[in-house]
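**Student:** Here is the input, now give the coordinates:
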Amino acid sequence: MLVLGIESTAHTFGVGITDGKEIVANEKDTYKPKQGGIIPREAADHHYKFAPNIIKSALDKASVKLKDIDIFAFSQGPGIYSPLKVSFQISNFLSQKYKKKLIGVNHCIAHLEIARKETGFEDPVMLYVSGGNTQIITFAEGHYRVFGETQDIGVGNLLDKFGRVMGISFPAGPEIEKYASKGKRYIPLPYSIKGMDVSLSGIETFISNIKDKHSVEDLSFSLQETVFSMLIEASERALAYTEKESFVITGGVAANKRLNEMGRIMAESRGVKFKSIPMEYAGDNGAMIAYTGYLMKNEPEKDYLPKPVFRTDSVKINYR
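**Tutor:** Predicted coordinates:
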């Protein structure tokens, strides 16, 4: 069985193909605004423009044709509505043309499932960190349960907002990580955590008021150390509560080496297993949509629509 998955929730248009055991293709192209953050209409235009080439590239990589695909899966949400429509419209068209099954995939759950696949951890606590999402999640009684999450903005959005304040181009995360590695002095920033929930927007406001007094290197270093410490502290509480034996960080911000280092140190101190997700699968990608679509292959057929708001814990998991 072959599943082709299409991702387009935000800035990335990705196409992945899997047979359920191996990822046989994972191609993508990313929209980069000239300045500021994502402009939804421009992102959608980018995705429509590059879709034919990315799909062809994935098919060529897997040495298959569209008629060979058994299931078409798409990122149903959550996400930005304009780009979100692209994967739905293309997948819906292909499923009807080739008379194959269509499956809508929760984008957040796709990040969790590709992490489980690539680390080999059957039942971990997962810190899911991306642009719009920051959640501490594990599986229990048929659902992915959210034990803690951001109360305002996602950590990726915080990094991008910090980037705009400091004149760093989008996406800001990789450049912030480089600056942080050169930071020499820690600047105390607001540390807002309650139980397993965190609040991040106050940090952005605080930095905006002090940015002219400190170097970008020291501010980047302080930002990472503060925010990542909050996330790892909350994750440790979830591990203590659930008594699970493995820990994974997934999502776009999981590409950050310092965050992974902090996660590894915490896990080792608790006697918990930890693995980093491969860089290729940290950010948004079509492979995670295809693989989750494969897991959902026995779901009954239904009419799908894009869902900009789509809670991780709202999905009944029938394949576990």
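**Student:** How about Pro124: what's its closest non-neighbour residue?
**Tutor:** Distances taken as CB to CB, 6 or more residues apart in numbering put Ser246 closest to Pro124, at 3.9 Å, once the chain neighbours are dropped. Placement of C-beta: from N, CA and C, glycine included.
**Student:** check contacts around the one you found.
**Tutor:** Ser246 makes contact with 119, 121-125, 272-274 under the criterion CB atoms under 8 Å, 6 or more residues apart in numbering.
**Student:** Repeat the analysis, applying 7 Å as the threshold.
**Tutor:** 121, 124, 272-273 (CB atoms under 7 Å, 6 or more residues apart in numbering).
**Student:** Looking at these, which are in strands?
**Tutor:** Lys273 (DSSP state E).
**Student:** Spatially, which two of the contacts of Ser246 are the most separated?
**Tutor:** By the measure CB to CB, Phe121 and Val272 form the most distant pair in the contacts of Ser246, at 10.2 Å.
**Student:** Report the separation between Ile277 and Thr119.
**Tutor:** 7 Å (CB to CB, to the nearest Å).
**Student:** Are there residues contacting both of those two? Which ones?
**Tutor:** The contact lists of Ile277 and Thr119 share Val248, where a contact means CB under 7 Å, 6+ apart.
**Student:** any idea how far the helix or strand hosting Gln224 is from the chain center?
**Tutor:** Using DSSP states H and E, Gln224 maps to helix 216-242. Distance of helix 216-242 from the chain centroid (CA atoms, centre = their mean, to the nearest Å) equals 17 Å.
**Student:** Return stretch 135-150 as CSV; C-alpha atoms alone will do.
**Tutor:** Backbone C-alpha positions of stretch 135-150 (Å, rounded to 0.1, in the frame of the first residue of the first chain) are rendered in CSV as follows:
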residue,chain,number,x,y,z
GLN,A,135,2.2,21.3,23.8
ILE,A,136,3.3,18.5,26.2
ILE,A,137,1.4,15.4,25.0
THR,A,138,1.2,11.7,25.6
PHE,A,139,-1.3,9.0,24.7
ALA,A,140,-4.0,7.8,27.1
GLU,A,141,-7.3,6.0,26.6
GLY,A,142,-7.8,6.5,22.9
HIS,A,143,-6.6,10.1,22.6
TYR,A,144,-3.4,12.2,22.7
ARG,A,145,-3.8,14.1,25.9
VAL,A,146,-2.4,17.6,26.3
PHE,A,147,-0.8,17.8,29.8
GLY,A,148,0.5,21.3,29.3
GLU,A,149,0.6,24.0,26.6
THR,A,150,1.3,27.6,25.8
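**Student:** Helix, strand or coil: sort out the closest residue to Phe221 other than its chain neighbours for me.
**Tutor:** Nearest residue to Phe221 in three dimensions, chain neighbours excluded: Gly183, at 2.5 Å (CB to CB, 6+ apart). Put simply, Gly183 is coil when judged by DSSP: H, G, I helix; E, B strand; the rest coil.
**Student:** what sits against Gly183?
**Tutor:** 217-218, 220-222.
**Student:** May I see those residues organised as TSV, with distance to Glu7 and pLDDT added?
**Tutor:** Below are those laid out as TSV (distance: CB to CB, whole Å; pLDDT from 0 to 100):
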residue	distance to Glu7	pLDDT
Glu217	33	97
Asp218	36	97
Ser220	28	97
Phe221	32	97
Ser222	33	97
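**Student:** biggest separation within the residues you listed, which pair?
**Tutor:** Glu217 and Ser222 (9.7 Å).
**Student:** Look at those two and report which has more neighbours.
**Tutor:** Remark: of Glu217 and Ser222, Ser222 carries more neighbours, 21 against 16, as counted by other CB atoms under 10 Å.
**Student:** And stretch 288-304, what's buried?
**Tutor:** Neighbour-count burial for stretch 288-304, counted by 16 or more other CB atoms under 10 Å, picks out 288-296, 304.
**Student:** Now Gly195: closest residue in space, sequence neighbours ignored.
**Tutor:** Gly148 (6.7 Å).
**Student:** That neighbour should be in a strand, yeah?
**Tutor:** Yes - under three-state DSSP, Gly148 falls within a strand.
**Student:** got a list of what it touches?
**Tutor:** Counted by CB under 7 Å, 6+ apart, Gly148 has contacts 136, 195-197, 234, 238.
**Student:** let's see 6 Å
**Tutor:** Going by CB atoms under 6 Å, 6 or more residues apart in numbering, Gly148 touches 136, 196-197, 234.
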